Every structure is written in C-alpha cells, then in structure tokens.
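Q: structure for the following, please:
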Amino acid sequence: MYKFFRFSIAALLALPLAALAHGPSRQKAQKEVEVNAPAEAVWKALKGTCSIADWHPAVATCEGKGEGKGATRVLTLGEAGSGKTIDEEFTMFDDEKMTFKYKITKVAADVLPVNSYAAQMIVEPDGAAKSKVIWKAGYYRYFTQNDPPKGQDEEAANTAVNGVFEAGLAGLKKFIETGSKN
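A: Here you go, the predicted model:
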C-alpha cells in the first residue's frame, strides 16, 4: 500500500511537467468571400491546377502536373516572395460539390511558417447570380518542438495564413467580377 501511495504522489507531481512538455497545437483558419457571379462561373475560375496564378496577387507563376486529385503544383511567389516557391498536392477534388482539398508538401519557414498544412476551398451558390467561396485550413506552426523562435510560432503561422486567405479571396473576387488580377 505504501508503494502504491508513493507512486500516486510521484505521478501527481509529474503532471505539471507533462503539460510543459507539450508541443505545438493544431491551428485553424477560415475565411470566406461573397462573389457577384454564379457558382459555376466561380468554380470554373477556381478549379484548375494552376488557376491560382490568375487571381492570387502573391502568385507570380504556377507550374502544374495533372488535374484533380493527385495533381501537383509549384507556386512561385512574386514581389514580396521574391521568387520563392511552395509545393502543393491536391488530395481531393469534387467537381459536383465544387470543392477541392490540397496540402503543402514543401515550403520554407520564411515563405509560410507552417507545418502539416492541409486546406480546402469550397464554392457555394447564393441564389442564381451570387456565390460564396470558403477557404479553410488546419496546420501547425513551422517549428514543431517546444520554444519556437520568433517567426516560427503560432502567431506567425496564423498571421501568415490569414494574410494569404484575405489577399487570395479579395483577388479571386476581383478577378471574377472584373476579369483583372491587378
């Protein structure tokens, strides 16, 4: 009995230490935009492997291989991204439901400070002439150990992902409604 009591006390004393050993927590982001165009037109502009280069202001060029699930692309960033790249793979594609999922397979911390990033884009009709585009993702900060350096922590990851979503959705809306990226 005394042995059990000692073990129980030791276990209780170790609990706070276990909490301190915790690594990063999964983060989530979600943004949406209303577009003044039918869902089918929005989906057509969104669904191509490299269509992101047409509407996302940060993407200068895109090199893609394949279409739909299993397709890959390498995004080359312009201006602020100064030619740096992000490699992505489509993990799900549903033309009927107007949605796809993708994941980042390679990215540097100074480009996008995330790890295990997976996202989804969805187009929903909002009447005959309007649509809603939803962009959501789950990810971890870039630095997966305890005590991340500044710029590789949750705050940096969340700021970066939200910035990508906001700029991208504004660019998509502008591209569809005016036909212009800039």
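
Q: CA atoms for contacts and neighbours, from now on please.
A: OK.

Q: so where's the protein shaky on pLDDT?
A: Along the chain, segments meeting pLDDT under 70 span 1-22, 80-81, 182.

Q: and the helices in it, which stretches?
A: 2-20, 39-46, 52-55, 154-178 (DSSP state H).

Q: next, count neighbours for Ala129.
A: Neighbours of Ala129 under the rule other C-alpha atoms under 10 Å: 13.

Q: for it, what are its contacts?
A: 36-39 (C-alpha atoms under 8 Å, 6 or more residues apart in numbering).

Q: over to Ala137?
A: By C-alpha under 8 Å, 6+ apart, Ala137 lies in contact with 28-30, 117-120.

Q: got it, and Ile134?
A: Shown in contact with Ile134 (C-alpha under 8 Å, 6+ apart): 30-33, 120-123.

Q: for ChimeraX, write the selection for the buried entries among those residues.
A: In ChimeraX syntax, the buried subset of those is picked out as below (16 or more other C-alpha atoms under 10 Å):
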select :30,32,33,120,121,122,123
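
Q: narrow the contacts of Ile134 to those in strands?
A: 30-33, 120-123 (DSSP state E).

Q: closest to Lys44 among those residues?
A: Taking C-alpha to C-alpha as the measure, Lys44 sits nearest to Val123 out of these, at 10.1 Å.

Q: returning to that earlier point: and the contacts of Ala137, which two are the farthest apart?
A: Gln30 and Tyr117, at 13.1 Å, using C-alpha to C-alpha across the contacts of Ala137.

Q: just to revisit the earlier point, now distance to Gly179 too, for the ones in strands among the contacts of Ile134, in CSV please.
A: Formatted as CSV, those follow (distance: C-alpha to C-alpha, whole Å):
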residue, distance to Gly179
Gln30, 25
Lys31, 22
Glu32, 20
Val33, 17
Gln120, 24
Met121, 20
Ile122, 20
Val123, 18
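
Q: out of these, which is nearest to Lys173?
A: Val33 (7.4 Å).

Q: my guess is the closest one meets Asp126, correct?
A: No - judged on C-alpha atoms under 8 Å, Val33 makes no contact with Asp126 at a distance of 11.4 Å.

Q: out of the contacts of Ala137, who's the most crowded?
A: Tyr117 (24 neighbours).

Q: test my guess that that residue contacts Gly138.
A: Yes - counting by C-alpha under 8 Å, Gly138 is a contact partner of Tyr117 at 5.9 Å.

Q: and Phe100, how many neighbours?
A: 20.

Q: from Asp110, how far off is it?
A: 26 Å (C-alpha to C-alpha, to the nearest Å).
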